[in-house]
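Participant: With the sequence up front, the predicted model follows.
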Amino acid sequence: MHNIKDIRKDFNNFKEKLKNRNIDTDLDNIISLDEQNRKLIQEKETLEMEKKTISKSKDQKLFEKSKELSVKIVEINKNQSNLQSQIDSILSSIPNLPLSDVPIGQDENANVEIEKKGEIKEFDFKPKTHFELGENLNMLDFDLATKTTGSRFVFVKKQLAQLERALSNFMIDTHTQKNGYTEISPPLIATDETMYGTGQLPKFENDQFEIKLDADEGRKFLIPTAEVILTNIVKNQIINKDDLPIRVVASTPCFRKEAGSYGKDTKGMIRQHQFYKVELVSIVENDKCAEELERMSNAATMILDELKLPYRKIILCTGDMGFSAEKTYDIEVWLPSENRYREISSCSSCGSFQARRMKARYKDKNNSKEFLGTLNGSGLAVGRTMIAIMENYQTQDGSILIPEVLKPYMPNIDKISIN
RNA sequence: GGAGAGAUGGCUGAGCGGUUGAAAGCAUCGGUCUUGAAAACCGACAAAGGGGCAACUCUUUCCUGGGUUCGAAUCCCAGUCUCUCCGCCA
């Protein structure tokens, strides 16, 4: 959420930067609405002041006049709050502004690779896809999921299920023990207000699973990522500067409708309605965001380093970034079956964009209240990491070797094979 | 599901229908004192919005939404949330 004052003050800058984000926002309109709105506010306040004076005077002769004023005020107020909500609704649909070091571009083709690491293994056979491997092992069952639930779900079985669980634990342990994150096991359901706070609502409602708890309760959603619930920890709060930074990690299922991705990644478990993800969230003083983003993305790549999976790190261009982000690194892992890199983590700095929506602030040195900076990143997507391990660690007979660092989490197993 | 209690500034906590935006305490910040720190003392300290180059000024806000009144933190109605007790249950 942007401050309308900033838009007013720096209109051209906003227009320019939003143009780079590749979306059409009615910025001109919001300015004229804002002008009308302020005019009404002035009218209203003048009347209110008059009314207040009368009531203070306790002069009975003026009471009649005061009643008349009330009627006028109600009238103006109606129009004004109408305008206000129009403004708010436009405002809440405007994405964050990209930082100046973000490359300008239309789509993913303009993303810039900034790091490449790990050795891509040469297979002396044709590497199988993860779903071939999984189905041959009898450990990934998509048909069963279709029967019980529908498309884009999967049953993971036996040692693969164990591998998935091991990955989750390994990642959390790494982040808590080496990267200074605090483990959280959060609710998987969020209110509409919470969803609004991180920017999933109102614009991306179509991607969310809404659920009904009680007939008369407010709206509730399954979280599409733990970012939502973890970031909102500071919602409506004023944090003491000494308590920053806050760094939390959680492994949770995530639920996404994946609307608009029909026909994309329909095979296998690359794109599911439900998947596990280990999520990192940092809450910092807002001028420390850039620094924290480096730290966070390094925490994410540390996992890949330890798993010895080849990856690259790219910086997303203005047109490819998410709604709330001011800068995003994607980390992509090598998938032999596709002969290319696929996204396995996305680390974003949101600046104070989300904090403004959440009304999350901190008290800085001279006692003034500032909006916090928030960052989130996958550390990593567990399902996709499992895919990467299956494909990169496969052997000719369709077995899967266990990476060294996972062995403590999978005692007595060297490899996963048909048994 | 049944019964009660409550919701006020960063926190704790007063509050009579009319200079109450709100006592007091804590915390925080500035200062005096001190070699330094602590203590003590003095001072500052809510947010959002509008107007103004500025000093400043105005409006709104005491859980939310309605209502009564010239005037509501204070009275009435509805709702939300929290806590305690009982029941049920992973």
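Facilitator: Looks like it came in fine.
Participant: In terms of secondary structure, what does the helix or strand encompassing residue A:356 contact?
Facilitator: Taking DSSP states H and E as the criterion, residue A:356 maps to helix A:353-358. Contact here means 3 or more C-beta pairs under 8 Å, 6 or more residues apart in numbering; DSSP states H and E; on that basis helix A:353-358 packs against helix A:192-198, strand A:373-381. Backbone N, C-alpha and C define where each C-beta goes, glycine included.
Participant: close to RNA strand B, is that helix?
Facilitator: No. Counting by C-beta under 7 Å from any atom of the strand, RNA strand B is not contacted by helix A:353-358; separation bottoms out at 9.4 Å.
Participant: Any residues of the stretch 1-150 of chain A in contact with RNA strand B? List them.
Facilitator: So the stretch 1-150 of chain A meets RNA strand B at A:3-5, A:38, A:41-42, A:44-45, A:48-49, A:51-52, A:54-56, A:58, A:63, A:66-67, A:70 (C-beta under 7 Å from any atom of the strand).
Participant: Got a quick PyMOL command for the buried subset of the residues you listed?
Facilitator: What follows is the PyMOL syntax for the buried subset of those, where burial is set by 16 or more other C-beta atoms under 10 Å:
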select buried, chain A and resi 4+44+51+54+66
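Participant: related to what we said a few turns ago, reformat the helices and strands packed on helix A:353-358 as TSV; add distance to residue A:86.
Facilitator: Converted to TSV, those look like this (distance: least, C-beta to C-beta, whole Å):
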stretch	distance to residue A:86
helix A:192-198	17
strand A:373-381	27
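Participant: can I get the ones you listed in a markdown table with distance to RNA strand B, mean neighbour count and mean pLDDT?
Facilitator: Below are the helices and strands packed on helix A:353-358 laid out as a markdown table (distance: least, C-beta to the nearest atom of the strand, whole Å; neighbours: other C-beta atoms under 10 Å; pLDDT from 0 to 100):
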| stretch | distance to RNA strand B | mean neighbour count | mean pLDDT |
| --- | --- | --- | --- |
| helix A:192-198 | 11 | 22 | 91 |
| strand A:373-381 | 16 | 29 | 96 |
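Participant: just so I know, which of the ones you listed lies nearest residue A:250?
Facilitator: When the helices and strands packed on helix A:353-358 are compared by C-beta to C-beta, strand A:373-381 sits nearest residue A:250, at 10.0 Å.
Participant: how much space between residue A:334 and RNA strand B?
Facilitator: Distance, residue A:334 to RNA strand B, by C-beta to the nearest atom of the strand, to the nearest Å: 41 Å.
Participant: What is whichever helix or strand comes after the helix holding residue A:356 packed up against?
Facilitator: Remark: after helix A:353-358, the chain's next helix or strand is strand A:361-363, criterion DSSP H and E. Applying 3+ C-beta pairs under 8 Å, 6+ apart, one finds that strand A:361-363 contacts strand A:238-240, strand A:369-371.
Participant: Ranking the ones you listed by mean neighbour count, which comes first?
Facilitator: Neighbour counts (mean count of other C-beta atoms under 10 Å) averaged over each of these peak at strand A:369-371, with a mean of 15.
Participant: is any part of that strand close to RNA strand B?
Facilitator: Yes. Judged by C-beta under 7 Å from any atom of the strand, strand A:369-371 and RNA strand B are in contact via residue A:369.
Participant: Paired strands for that strand, with orientation please.
Facilitator: strand A:361-363 (antiparallel) (DSSP bridges).
Participant: Distance from stretch A:149-169 to the middle of the chain?
Facilitator: The chain centroid and the centroid of stretch A:149-169 are separated by 23 Å under C-alpha atoms, centre = their mean, to the nearest Å.
Participant: For that stretch, buried residues please.
Facilitator: Neighbour count says stretch A:149-169 has A:152-156, A:159-160, A:162-168 buried, by 16+ other C-beta under 10 Å.
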